[in-house]
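K.L.:
Pasting the sequence and the predicted model now:
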Number of protein chains: 2
Amino acid sequence: VDLPALDRASEFPIYRQLHQALATQITSTKIPAGSKLPSVRELARTLSVSPITVVQAYDALIADGLAHASLGRGTFVGGPVFGLSPEGTRADPSESPQLAPGPNTEASQPQVSVHLRAPRISAMQSLLKPARKAEVISLAAGTPDPALFPTKTVGRLWSRMIATEDPSFLQYGTPQGDHHLRSWIAGRCRSMGINADPGQILVTSGSQQAIDLVARTFLGPGDHVLVESPTFVTALDIFEERGARLAGIPMDNSGAQPDAAASLVDRYRPRLLYTIPTAHNPTGISLADDRRRSLVALARSRNLLILEDDICSEFTYEGGPPKAIKTYDTSGHVIFVMSFSKTVIPGLRVGCVVADGPILGRLIEAKSLSDRFTSPLIQRTLWRYLTSHHYERDLEAARDTYRRRRDSILRVLADVMPQGVTWTRPAAGFNLWIRLPDGISATEAFEEGLREGVSCIPGDLCLAHDPPPSGLRVSFADNHEDVTAEGIKRLARAITRLLSSGRRARPESEFVTTI
Amino acid sequence: VDLPALDRASEFPIYRQLHQALATQITSTKIPAGSKLPSVRELARTLSVSPITVVQAYDALIADGLAHASLGRGTFVGGPVFGLSPEGTRADPSESPQLAPGPNTEASQPQVSVHLRAPRISAMQSLLKPARKAEVISLAAGTPDPALFPTKTVGRLWSRMIATEDPSFLQYGTPQGDHHLRSWIAGRCRSMGINADPGQILVTSGSQQAIDLVARTFLGPGDHVLVESPTFVTALDIFEERGARLAGIPMDNSGAQPDAAASLVDRYRPRLLYTIPTAHNPTGISLADDRRRSLVALARSRNLLILEDDICSEFTYEGGPPKAIKTYDTSGHVIFVMSFSKTVIPGLRVGCVVADGPILGRLIEAKSLSDRFTSPLIQRTLWRYLTSHHYERDLEAARDTYRRRRDSILRVLADVMPQGVTWTRPAAGFNLWIRLPDGISATEAFEEGLREGVSCIPGDLCLAHDPPPSGLRVSFADNHEDVTAEGIKRLARAITRLLSSGRRARPESEFVTTI
């Protein structure tokens, strides 16, 4: 394999450059069929790129039919070998780090092609593994605080329900979801200014499933998707699993820049624009109102779907939440996603999609393939909780707690962070974004933070491609103020040490992980 | 569009013939780019094929990049038009039967490509719509009887658990699932002769999600999948959604024929063989033991994955269930799927996959993309129920009831069915299969049954391609014996009437439904 010269200043993503260089060598048989490509880790190290970049390049080769991934063995040039006894072609066991020990390892292993990868999710799990020790303060979670879960109330409602409902409601349910719950959601939408009836709502197993259903239904190989840069890690993996190509919209303190979005639309002709306009993950920014209107106009004029992910706007700390993009949608181009994971309990696994007729019909079909229906038991219990007098009161109390925690983390940041470090001031949600000074990469700061005993999310994971100047996501909702304060102090020490050590970032930030 | 002459005797599936004929006309620009192809229903009627055949042919054109589906408008030759204001190209509203009425219909509708279809699920829903009236006896469900659901016990365990567990167990959970539940499943597997530890188990949101995760992970466009003919309707839609091509293994009274399977493997080099060896859906047949061993040997020698769907073997009515195919697997080629929907409660939505290390690792990744995790609340409650003294007792009682219902339906069938009609005698599960005499199509018998006030599943839906001599799936588990008996009498009258009317089936059975 001849290693290509990568042009890091080019707008053509690094992974596409690598893909093209390898594809040329494969089609010219300079790399012969059957050869094993370098391991992801090895090539990433040699080229000083992130492993995700290599995985993306290999995936593109696989999509072209120029290579295949063999489970636990690596990536090989050409199509998979069929019909051979695996014994005859068994890989060198030293190259099979994923082989599980167990009763079957003495026998042959199946050689199978793999069509699904989740490189960022895997990288995140590996990165956070050393952070699981008790002495490490986690500012990485982005989750609500379990102490605020209304478990007692939900438990009581559940018991009452199971004693009174006909058991047939625990039979196989309909893919679209419980009518009562959908009616409540429709009412909630109307109170937000979204014109929805229960027929326009699909209940999903968490809002993440909603994103996955939209991707499965409306994205195919080679389709472009615009995302905010940075954005929700898992959404990036979901879109790429469909074979989609990602392009990142730059953000400023008012959110995604609409002019940049428009020019990306004209350049890439994307099918979908994914946005988290309120309580943006990972930055905590909320998109300015006029920009919301611009995005709808763009979607309508360019025939582009907008996927609006709204899972945390209930936790807006000053005034009410901004109007959802969906409220401006008169043409059915906006698919609106909500969740009860932050507002009620993550372990219920309930979210929903709001979309107009034909689009919703297709999403219901996708749901009926994916897991057929979401537990009616949970849906009905949730509905009873939402219509009880507890819900609004519990939500209000949680909002107060999270507001206090936000105010506290902002005070601590101002006290302890060294000069040159800046951060967002979230009006809503559970996270904020720390911008690092030039010369410090997110991965470095993350690792140095770990040594100080604090974890957060290095921003590189939240990006479509190799990173521009980078940052850290810090969560403040799930820890008591004092714990967060101690975590931030540790992080400040870590960043200060990096700054004073005079170390400079490596040319390209690198993940210290196997994928 | 020139309609092709279809060779119904050919082994080349009808849908491939249609696909090829259309592809030739499109590439020769005989059908110009931008033209709308005939509606699925219209073309199906003209050619006397099932709408599923037309959908499959259109999907193949779309996969080739020769056509695209536009939401609510139809299928068009060439790629989708981008960047036009939808107003400028708005379709004739009379061609948009799917457009939902509502506040948005006066505005433009988005024109979006659709990459997911579930033609059989849609067809089944349409077919069964007229069967929803109270006076129609449903023998169509294939579900357990809600009267046997252990709702009271489960409710009690749930309340106790929520009062005692730390609320943090309702936080975001791990994709692989609750350790307690996985340990129980591993023990259950070992008692069946499957060597599994908790690390080899992934908890899913129902067994259907397990099938979907396997398809997403290990199938790509053009891959072949072998299925029993007939088989589980939804599995067919799931495999085709991945772009896979299906080939059906003929069955006899001992299940799928291994010689036929072997020659199909050599011909199509499939990646996956999907089988329901025990309590087969829809026929009720259980696969002979020597055939189970043959399939494992085939998988190992040809490097083929077997997906073994075992959701109903707990309800075996004579002796114990046969040994699972997975018990013979020493090389990790068998992926084993179980469910708690039939044995406990469908509305819990819990199933699982058992697979060896590297394969399971990839499935966990797929789970983390699909819906992240299954509700820990439900998993823990289920585990408490399974480890209580109630579970085995409840299961035993349900087994007795279902055995009585099976014995009863077999007696009634023998009493009332006209000569020429035969049926399977299920040793396990909830369904049996009625073979219709020559000259009566499944759709005819289904419709005539509806007129008599009974519904069942026409077997055409359960087939990969256009049907060979066909049958009906009849369920006996969810109705009281007397209700089933009355249903069977009605069905017998319907079939008798068809036989005596001297009507002959149309050349190809046709679904009376819109897709």
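P.N.:
Yes, it's here.
K.L.:
can we go C-alpha only for contacts and neighbour counts from here?
P.N.:
OK.
K.L.:
And A:Thr422, how close does it get to A:Phe232?
P.N.:
Using Cα to Cα, to the nearest Å, we find A:Thr422 at a distance of 21 Å from A:Phe232.
K.L.:
Which one of the two is surrounded by more residues?
P.N.:
Using other Cα atoms under 10 Å in any protein chain shown as the criterion, A:Thr422 and A:Phe232 rank with A:Phe232 on top: 21 against 16.
K.L.:
who are the neighbours in contact with the more buried one?
P.N.:
A:Phe232 makes contact with A:Asn281, A:Pro282, A:Cys462 under the criterion Cα atoms under 8 Å, 6 or more residues apart in numbering or on different chains.
K.L.:
and the second one, that's in a strand?
P.N.:
No. A:Pro282 is assigned coil when assessed by DSSP: H, G, I helix; E, B strand; the rest coil, not a strand.
K.L.:
Pretty sure it sits against A:Pro230.
P.N.:
Yes. Because the distance of 6.9 Å satisfies Cα atoms under 8 Å, A:Pro282 is recorded as touching A:Pro230.
K.L.:
intersection of neighbour lists for the two?
P.N.:
What both A:Pro282 and A:Pro230 touch, as defined by Cα under 8 Å, 6+ apart, is the set A:Gly459, A:Cys462.
K.L.:
List just the nearest of the contacts of A:Phe232 to chain B.
P.N.:
Distance to chain B across these (Cα to the nearest Cα) is lowest for A:Cys462, with 15.2 Å.
K.L.:
That closest one contacts A:Val227, doesn't it?
P.N.:
No. In this structure A:Cys462 lies outside contact range of A:Val227 using Cα under 8 Å: 10.2 Å.
K.L.:
Any stretches of the stretch 401-515 of chain A with poor pLDDT?
P.N.:
A:466-469, A:502-515 (pLDDT under 70).
K.L.:
how about the helices in it?
P.N.:
For the stretch 401-515 of chain A, the helices defined by DSSP state H, counting those that start in this stretch occupy A:442-452, A:481-500.
K.L.:
again with the stretch 201-350 of chain A
P.N.:
Counting by DSSP H, counting those that start in this stretch, the helices of the stretch 201-350 of chain A are A:207-218, A:233-241, A:258-268, A:289-302.
K.L.:
that older thread, dump the helices of the stretch 401-515 of chain A into a markdown table; add distance to A:Ala366 and mean neighbour count as well.
P.N.:
A markdown table is the format used below for the helices of the stretch 401-515 of chain A (distance: least, Cα to Cα, whole Å; neighbours: other Cα atoms under 10 Å in any protein chain shown):
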| stretch | distance to A:Ala366 | mean neighbour count |
| --- | --- | --- |
| helix A:442-452 | 37 | 22 |
| helix A:481-500 | 41 | 20 |
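K.L.:
Which one of the ones you listed lies nearest to chain B?
P.N.:
helix A:481-500 (17.1 Å).
K.L.:
Could you list every helix and strand in contact with that closest one?
P.N.:
For helix A:481-500, the contact count by 3 or more Cα pairs under 8 Å, 6 or more residues apart in numbering or on different chains; DSSP states H and E identifies strand A:137-138, helix A:390-416, helix A:442-452, strand A:454-455 as packing neighbours.
K.L.:
Highest mean neighbour count out of the ones you listed?
P.N.:
For the helices and strands packed on helix A:481-500, the largest average neighbour count (mean count of other Cα atoms under 10 Å in any protein chain shown) is found in strand A:454-455, namely a mean of 28.
K.L.:
Pairing partners for that strand, with directions?
P.N.:
Strand pairing for strand A:454-455, using DSSP bridges, gives strand A:137-138 (parallel).
K.L.:
I'd like the next helix or strand past the partner strand.
P.N.:
Heading C-terminal from strand A:137-138, the first helix or strand you meet, by DSSP states H and E, is helix A:151-164.
K.L.:
Return the residues of the stretch 351-500 of chain A in contact with chain B.
P.N.:
A:356-359, A:362, A:365-366, A:368-377 (Cα under 8 Å from any Cα of the partner chain).
K.L.:
Restricted to strands, list those residues.
P.N.:
Judged by DSSP state E, strands contain none of those.
K.L.:
Tell me which of these fall in helices.
P.N.:
A:Gly357, A:Pro358, A:Ile359, A:Arg362, A:Glu365, A:Ala366, A:Ser368, A:Leu369, A:Ser370, A:Pro376, A:Leu377 (DSSP state H).
K.L.:
Give the burial count for the residue lying closest to the fifth one once chain neighbours are set aside, as a bare number.
P.N.:
Right, the one you point to is A:Glu365. Leaving aside its sequence neighbours, A:Glu365 sits nearest to B:Ala118 (Cα to Cα, 6 or more residues apart in numbering or on different chains; 6.3 Å). When neighbours are counted by other Cα under 10 Å, B:Ala118 registers 22.
K.L.:
so what's B:Ala118 up against?
P.N.:
A:Glu365, A:Ala366, A:Leu369, B:Asp237, B:Ile238, B:Glu241.
K.L.:
The last one contacts B:Arg117, doesn't it?
P.N.:
Looking back up the chat, that one is B:Glu241. Yes. Counting by Cα under 8 Å, B:Glu241 touches B:Arg117, with 6.5 Å between them.
K.L.:
Can you give me the distance of the residue lying closest to A:Leu295 once chain neighbours are set aside to chain B?
P.N.:
Distances taken as Cα to Cα, 6+ apart place A:Pro258 nearest to A:Leu295, at 6.7 Å, with adjacent residues excluded. Going from A:Pro258 to chain B by Cα to the nearest Cα, to the nearest Å gives 17 Å.
K.L.:
is it true that A:Pro258 touches A:Asp289?
P.N.:
No. Taking contacts as Cα under 8 Å, A:Pro258 lies outside contact range of A:Asp289: 11.4 Å.
K.L.:
Now for A:Val1, how many residues are close by?
P.N.:
Under the criterion other Cα under 10 Å, the count of neighbours that A:Val1 has is 14.
K.L.:
what's the spacing between it and chain B?
P.N.:
In terms of Cα to the nearest Cα, A:Val1 sits 27 Å off from chain B.
K.L.:
Let me see the contact set for that residue.
P.N.:
A:Val1 neighbours (Cα under 8 Å, 6+ apart): A:Leu22, A:Gln25, A:Lys30, A:Ile31, A:Leu37.
K.L.:
now the third one, nearest residue through space, not along the chain?
P.N.:
The spatially closest residue to A:Lys30, leaving aside those adjacent along the chain, is A:Val1, at 8.0 Å (Cα to Cα, 6+ apart).
K.L.:
For that neighbour, report the pLDDT, please.
P.N.:
pLDDT recorded at A:Val1 is 80.
K.L.:
Equivalent analysis for A:Lys323, please.
P.N.:
For A:Lys323, pLDDT reads 97.
K.L.:
State the distance from the residue nearest to A:Glu365 to A:Trp423.
P.N.:
Taking Cα to Cα, one finds B:Ala118 at 47 Å from A:Trp423.
K.L.:
neighbours around A:His180, how many?
P.N.:
A:His180 has 15 neighbouring residues, counting by other Cα under 10 Å.
K.L.:
Next up, phi/psi of it, please.
P.N.:
Torsion angles at A:His180 (phi, psi; degrees, to the nearest 10) stand at phi -60, psi -50.
K.L.:
is it true that it touches A:Leu382?
P.N.:
No. Under the criterion of Cα under 8 Å, A:His180 makes no contact with A:Leu382, lying 9.9 Å away.
K.L.:
residues near A:Phe12, how many?
P.N.:
10.
K.L.:
That one and chain B: what is the separation?
P.N.:
Here A:Phe12 is placed at a distance of 22 Å from chain B (Cα to the nearest Cα).
K.L.:
Secondary structure element holding that residue?
P.N.:
Short version, using DSSP H and E: A:Phe12 is in no helix or strand.
K.L.:
quick one: the strands in the stretch 51-200 of chain A?
P.N.:
In the stretch 51-200 of chain A, the strands defined using DSSP state E, counting those that start in this stretch lie at A:67-70, A:74-77, A:137-138.
K.L.:
And the ones you listed: which comes nearest B:Val265?
P.N.:
strand A:67-70 (20.0 Å; Cα to Cα).
K.L.:
No further queries at this time; thank you.
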